[in-house]
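J.: Fold the following and give me the result.
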Amino acid sequence: MKSRRLQPVIKVAKEREDDAAIALSEYRKIVDQHEAKLIELRHYHDEYIQRLNESGRSGMNIAQINDYRRFIARLAVAIKQQEALLLECQQQLNEKNMAWLQMRGRHQALDKVSDRYRQQEQEARDKREQAESDERSQHMRRNYTPE
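T.: Next up, the predicted model:
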(Lines give C-alpha, C1' and ligand atoms only; values in the text may rest on other atoms or scores of the structure.)
Protein backbone atom coordinates (compact mmCIF):
# COMPACT_ATOMS: atom_id res chain seq x y z
CA MET A 1 0.00 0.00 0.00
CA LYS A 2 1.33 3.36 -1.05
CA SER A 3 0.11 5.17 2.06
CA ARG A 4 2.11 2.87 4.36
CA ARG A 5 5.25 3.12 2.27
CA LEU A 6 5.01 6.89 2.49
CA GLN A 7 4.88 6.95 6.31
CA PRO A 8 8.68 6.89 6.91
CA VAL A 9 9.10 9.81 4.50
CA ILE A 10 6.32 11.71 6.29
CA LYS A 11 7.94 10.97 9.64
CA VAL A 12 11.27 12.40 8.46
CA ALA A 13 9.51 15.46 7.02
CA LYS A 14 7.70 15.97 10.35
CA GLU A 15 10.98 15.68 12.28
CA ARG A 16 12.62 18.22 9.98
CA GLU A 17 9.67 20.58 10.41
CA ASP A 18 9.89 20.18 14.19
CA ASP A 19 13.65 20.81 14.15
CA ALA A 20 13.15 23.94 12.03
CA ALA A 21 10.43 25.14 14.42
CA ILE A 22 12.73 24.64 17.41
CA ALA A 23 15.57 26.51 15.68
CA LEU A 24 13.16 29.31 14.80
CA SER A 25 11.91 29.53 18.38
CA GLU A 26 15.43 29.57 19.81
CA TYR A 27 16.53 32.25 17.37
CA ARG A 28 13.44 34.32 18.19
CA LYS A 29 14.69 34.32 21.81
CA ILE A 30 18.11 35.52 20.66
CA VAL A 31 16.54 38.36 18.67
CA ASP A 32 14.39 39.28 21.67
CA GLN A 33 17.52 39.43 23.86
CA HIS A 34 19.27 41.71 21.36
CA GLU A 35 16.20 43.94 21.15
CA ALA A 36 16.09 44.17 24.95
CA LYS A 37 19.77 45.08 25.06
CA LEU A 38 19.25 47.79 22.45
CA ILE A 39 16.37 49.24 24.44
CA GLU A 40 18.52 49.19 27.55
CA LEU A 41 21.41 50.96 25.78
CA ARG A 42 19.07 53.61 24.41
CA HIS A 43 17.63 54.09 27.87
CA TYR A 44 21.12 54.55 29.38
CA HIS A 45 22.03 56.97 26.57
CA ASP A 46 18.93 59.08 27.19
CA GLU A 47 19.46 58.92 30.95
CA TYR A 48 23.07 60.13 30.71
CA ILE A 49 22.11 62.96 28.36
CA GLN A 50 19.47 64.01 30.87
CA ARG A 51 22.00 63.80 33.72
CA LEU A 52 24.49 65.87 31.73
CA ASN A 53 21.86 68.53 31.07
CA GLU A 54 20.75 68.62 34.70
CA SER A 55 24.32 68.62 36.03
CA GLY A 56 25.36 71.30 33.56
CA ARG A 57 22.67 73.61 34.90
CA SER A 58 23.64 73.00 38.49
CA GLY A 59 27.29 73.56 37.80
CA MET A 60 29.79 70.97 36.72
CA ASN A 61 33.46 71.35 35.91
CA ILE A 62 34.75 70.89 32.38
CA ALA A 63 36.44 67.56 33.14
CA GLN A 64 33.18 66.07 34.38
CA ILE A 65 31.32 67.39 31.35
CA ASN A 66 33.93 65.86 29.04
CA ASP A 67 33.68 62.52 30.89
CA TYR A 68 29.93 62.53 30.42
CA ARG A 69 30.29 63.38 26.74
CA ARG A 70 32.85 60.61 26.16
CA PHE A 71 30.63 58.09 27.94
CA ILE A 72 27.60 59.23 25.93
CA ALA A 73 29.64 58.91 22.74
CA ARG A 74 30.63 55.34 23.71
CA LEU A 75 26.99 54.55 24.38
CA ALA A 76 26.10 55.93 20.94
CA VAL A 77 28.72 53.66 19.35
CA ALA A 78 27.42 50.69 21.34
CA ILE A 79 23.88 51.48 20.17
CA LYS A 80 25.00 51.55 16.52
CA GLN A 81 26.80 48.22 16.97
CA GLN A 82 23.78 46.71 18.69
CA GLU A 83 21.49 47.96 15.91
CA ALA A 84 23.75 46.33 13.30
CA LEU A 85 23.84 43.08 15.28
CA LEU A 86 20.08 43.13 15.71
CA LEU A 87 19.55 43.72 12.00
CA GLU A 88 21.81 40.78 11.17
CA CYS A 89 19.97 38.57 13.68
CA GLN A 90 16.60 39.61 12.27
CA GLN A 91 17.78 38.62 8.79
CA GLN A 92 18.89 35.24 10.11
CA LEU A 93 15.54 34.91 11.89
CA ASN A 94 13.80 35.54 8.57
CA GLU A 95 15.93 32.82 6.97
CA LYS A 96 15.03 30.40 9.76
CA ASN A 97 11.37 31.31 9.33
CA MET A 98 11.60 30.63 5.59
CA ALA A 99 13.29 27.28 6.27
CA TRP A 100 10.54 26.35 8.71
CA LEU A 101 7.84 27.37 6.21
CA GLN A 102 9.53 25.26 3.55
CA MET A 103 9.72 22.21 5.86
CA ARG A 104 6.12 22.76 6.95
CA GLY A 105 4.97 22.99 3.33
CA ARG A 106 6.78 19.78 2.43
CA HIS A 107 5.29 17.96 5.42
CA GLN A 108 1.79 19.19 4.60
CA ALA A 109 2.16 18.20 0.94
CA LEU A 110 3.26 14.70 1.91
CA ASP A 111 0.33 14.44 4.33
CA LYS A 112 -2.06 15.38 1.51
CA VAL A 113 -0.54 12.78 -0.80
CA SER A 114 -0.81 10.17 1.94
CA ASP A 115 -4.43 11.13 2.60
CA ARG A 116 -5.20 10.84 -1.11
CA TYR A 117 -3.56 7.40 -1.21
CA ARG A 118 -5.56 6.28 1.84
CA GLN A 119 -8.75 7.53 0.24
CA GLN A 120 -7.97 5.68 -3.00
CA GLU A 121 -7.13 2.53 -1.04
CA GLN A 122 -10.40 2.79 0.91
CA GLU A 123 -12.36 3.30 -2.30
CA ALA A 124 -10.67 0.22 -3.80
CA ARG A 125 -11.54 -1.83 -0.67
CA ASP A 126 -15.12 -0.60 -0.81
CA LYS A 127 -15.41 -1.58 -4.49
CA ARG A 128 -13.89 -4.98 -3.77
CA GLU A 129 -16.27 -5.58 -0.87
CA GLN A 130 -19.24 -4.46 -2.96
CA ALA A 131 -18.18 -6.77 -5.81
CA GLU A 132 -17.77 -9.67 -3.37
CA SER A 133 -21.17 -8.90 -1.85
CA ASP A 134 -22.77 -8.74 -5.28
CA GLU A 135 -21.13 -12.02 -6.25
CA ARG A 136 -22.39 -13.74 -3.07
CA SER A 137 -25.88 -12.42 -3.71
CA GLN A 138 -25.86 -13.71 -7.28
CA HIS A 139 -24.45 -17.03 -6.15
CA MET A 140 -27.15 -17.35 -3.50
CA ARG A 141 -29.87 -16.56 -6.10
CA ARG A 142 -28.49 -19.16 -8.50
CA ASN A 143 -28.31 -21.80 -5.84
CA TYR A 144 -31.71 -20.95 -4.41
CA THR A 145 -34.35 -23.45 -5.38
CA PRO A 146 -37.87 -22.72 -4.34
CA GLU A 147 -39.64 -25.65 -2.82
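
J.: Can you report how many residues neighbour Lys96?
T.: By other C-beta atoms under 10 Å, 19 other residues sit near Lys96. No exception for glycine: its C-beta is placed from N, CA and C like everyone else's.

J.: cool, Ala76 as well?
T.: Residues within reach of Ala76, counting by other C-beta under 10 Å, total 14.

J.: who's in contact with it?
T.: Shown in contact with Ala76 (C-beta atoms under 8 Å, 6 or more residues apart in numbering): His45.

J.: One more: Leu110?
T.: So Leu110 contacts 6, 9-10, 13 (C-beta under 8 Å, 6+ apart).

J.: out of the residues you listed, which are buried?
T.: Buried by 16 or more other C-beta atoms under 10 Å: 6, 10, 13, out of the contacts of Leu110.

J.: Can you tell me how far the first one is from Ala13?
T.: Put plainly, it is Leu6. Using C-beta to C-beta, to the nearest Å, we find Leu6 at a distance of 10 Å from Ala13.

J.: Hmm, Leu41 and Gln82 touching each other?
T.: Yes: using C-beta atoms under 8 Å, Gln82 is in contact with Leu41, at 5.7 Å.

J.: Give me the phi and psi for Gly59.
T.: When read as degrees, to the nearest 10, the backbone of Gly59 gives phi 100, psi 110.

J.: Ok, Met60 next?
T.: Residue torsions, per degrees, to the nearest 10, at Met60 are phi -140, psi 140.

J.: Tell me how many other residues surround it.
T.: Neighbours of Met60 under the rule other C-beta under 10 Å: 15.

J.: And the pLDDT for it?
T.: Per-residue confidence (pLDDT) for Met60: 79.
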